[in-house]
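J.: Sequence first, predicted coordinates after that:
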Amino acid sequence: MAERRQTERVFYQIPIQVQGVDHQGKPFSEQTTTIEVNRDGARIGLKNTPRLGAELRISNLATRFSALFRVIVQCPQSYGSVPEWGVALSQPLPALMGDFWGIAFEELKAPVETHIAAPLLCRSCGRKELATISEPEYSILLQHFALPRVCAICHHVTEWEPCPAVGSKTGPAIPAPDRPTEQRPSSAPPEPEQPQRRLARRVAVRVPIQVRTADGRSEQTVSHDISRTGLSFTTNLDLGAGEAIDVIVGYGIASSPATQRAWVVWKRPPGAGVSAMAGVRFATAEDVEAPPLEPEGALAG
């Protein structure tokens, strides 16, 4: 496959039909969804077991486009109930199929740690774009859950809304980088989470963050998704479920980001081709003990 410039990856469910030959040489056809996509590849769940290096024909059931992808890795951890696989395009797509996933991807002009990226949906025509947005635009997205942008299809300024993350079912909610949060001693864990806090919709927004532990360790990384109550992120820190940490959302790009106390509610260990991930729940002024832990791989929020 000809080398192409990298694009953002985003957690996004797209209905697909996968056809190929399994590890026993038997043909199969399976309808499933993507877990994570970028312009040239995806992470998908499959009940069938393909061979590593084999080609699969994947059809996007929404755009009706079909293309050949090569199986490059079996993911050691799954977000769902079936094994998951990493696939990459076998060859560049023709111009007509450039938006194979139904999302227009921007080329990366800077490292992911230096900007905010969000999949946005035009409310007028339904066009989807994975766009780089500024910190002021992020604040507008927070306040109004819509962002005015020029649409290449509508040819004028329209309202764009953030796309939900995988598994999100409720209304949009995004924490602001500069939202103040009352600081509490690290020894005061939050009270059990109330059911309504779990209803916050997760949106697939990548925001630079800094994580700080009680013993002085720190790391700069990016969120994978965010909700009003928490976020998930890749990490190289040895974090434990139930551990209290501080998170700065918008680190390095927001004008005055606030430090927020959070609690690690799940941790997924690293594997071949997959980084370790953690999900945290933001603390509130009323918190007195840690929230219940969640299964590994569950997304925050």
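T.: Arrived safely, thanks for sending.
J.: which stretches of this protein form helices?
T.: Secondary structure of the chain (DSSP state H): helices located at 135-144.
J.: what sits against the closest residue to Glu30 other than its chain neighbours?
T.: Excluding the flanking residues, the one nearest Glu30 by C-beta to C-beta, 6 or more residues apart in numbering is Val18, at 5.1 Å. Quick note: C-beta positions are derived from backbone N, CA and C, even for glycine. Applying C-beta atoms under 8 Å, 6 or more residues apart in numbering to Val18 gives the contacts Phe28, Ser29, Glu30, Gln31, Thr32, Ile44, Leu46, Asn48, Leu56, Arg57, Ile58, Ser59.
J.: State the distance from the residue nearest to Val264 when sequence neighbours are not counted to Ile35.
T.: In space, and not counting its chain neighbours, Val264 is closest to Glu243: 4.6 Å by C-beta to C-beta, 6+ apart. According to C-beta to C-beta, to the nearest Å, Glu243 stands 26 Å off from Ile35.
J.: and if you look at Val82?
T.: From Val82 across to Ile35, the span is 10 Å (C-beta to C-beta).
J.: Next, show the common contact partners of these two.
T.: Common neighbours of Val82 and Ile35 (C-beta under 8 Å, 6+ apart) are Gly45.
J.: Can you show me the strands along the stretch 151-300 of the chain?
T.: Secondary structure of the stretch 151-300 of the chain by DSSP state E, counting those that start in this stretch: the strands cover 157-162, 208-213, 218-226, 230-234, 244-249, 259-268, 277-282.
J.: If Glu161 is in a bridge, with which residues?
T.: Beta-bridge partners recorded for Glu161 (DSSP bridges): Leu121.
J.: residue contacts, it?
T.: Counting by C-beta under 8 Å, 6+ apart, Glu161 makes contact with Leu120, Leu121, Arg123, Phe145, Ala146, Leu147, Pro172.
J.: pretty sure the third one contacts Val157?
T.: Right, Arg123. No - judged on C-beta atoms under 8 Å, Arg123 makes no contact with Val157 at a distance of 11.6 Å.
J.: Which of the two has more residues huddled nearby?
T.: A side-by-side neighbour count of Arg123 and Val157, using other C-beta atoms under 10 Å, places Arg123 first with 14 against 11.
J.: okay, now the nearest residue to that one once chain neighbours are set aside: neighbour count?
T.: In space, and not counting its chain neighbours, Arg123 is closest to Glu159: 4.7 Å by C-beta to C-beta, 6+ apart. Glu159 has 16 neighbouring residues, counting by other C-beta under 10 Å.
J.: what sits against the residue nearest to Val264?
T.: The contact partners of Glu243, by C-beta under 8 Å, 6+ apart, come to Thr213, Ala214, Trp263, Val264.
J.: Look up how far Gly102 lies from it.
T.: Separation of Glu243 from Gly102 (C-beta to C-beta) stands at 39 Å.
J.: And for Val18?
T.: For Val18, the distance to Gly102 equals 17 Å [C-beta to C-beta].
J.: Repeat that for Ser66.
T.: Separation of Ser66 from Gly102 (C-beta to C-beta) stands at 13 Å.
J.: same deal with Tyr138?
T.: To Gly102, Tyr138 is 23 Å away according to C-beta to C-beta.
J.: Give me the more crowded residue out of these two.
T.: Neighbours were counted for Tyr138 and for Gly102 using other C-beta under 10 Å; Tyr138 has more, 24 against 15.
J.: related to what we said a few turns ago, which one's more surrounded, Val82 and Ile35?
T.: Ile35 (22 against 14).
J.: So the more buried one versus Tyr12, what's the distance?
T.: From Ile35 across to Tyr12, the span is 8 Å (C-beta to C-beta).
J.: swap in Ser29?
T.: Between Ser29 and Tyr12 the computed distance is 23 Å (C-beta to C-beta).
J.: Neighbour count for the two, which is higher?
T.: Applying other C-beta under 10 Å to Ser29 and Tyr12 shows that Tyr12 carries more neighbours, namely 23 against 11.
J.: pLDDT at Asp22, what is it?
T.: You'll see Asp22 listed with a pLDDT of 94.
J.: and it, what does it touch?
T.: Contacts of Asp22 by C-beta under 8 Å, 6+ apart are Phe28, Asn48, Thr49, Pro50, Arg51.
J.: Of the residues you listed, keep whichever come out buried.
T.: Phe28, Asn48, Pro50 (16 or more other C-beta atoms under 10 Å).
J.: how about the first one, what does it touch?
T.: If you count contacts by C-beta under 8 Å, 6+ apart, Phe28 has them with Val18, Gln19, Gly20, Val21, Asp22, Asn48.
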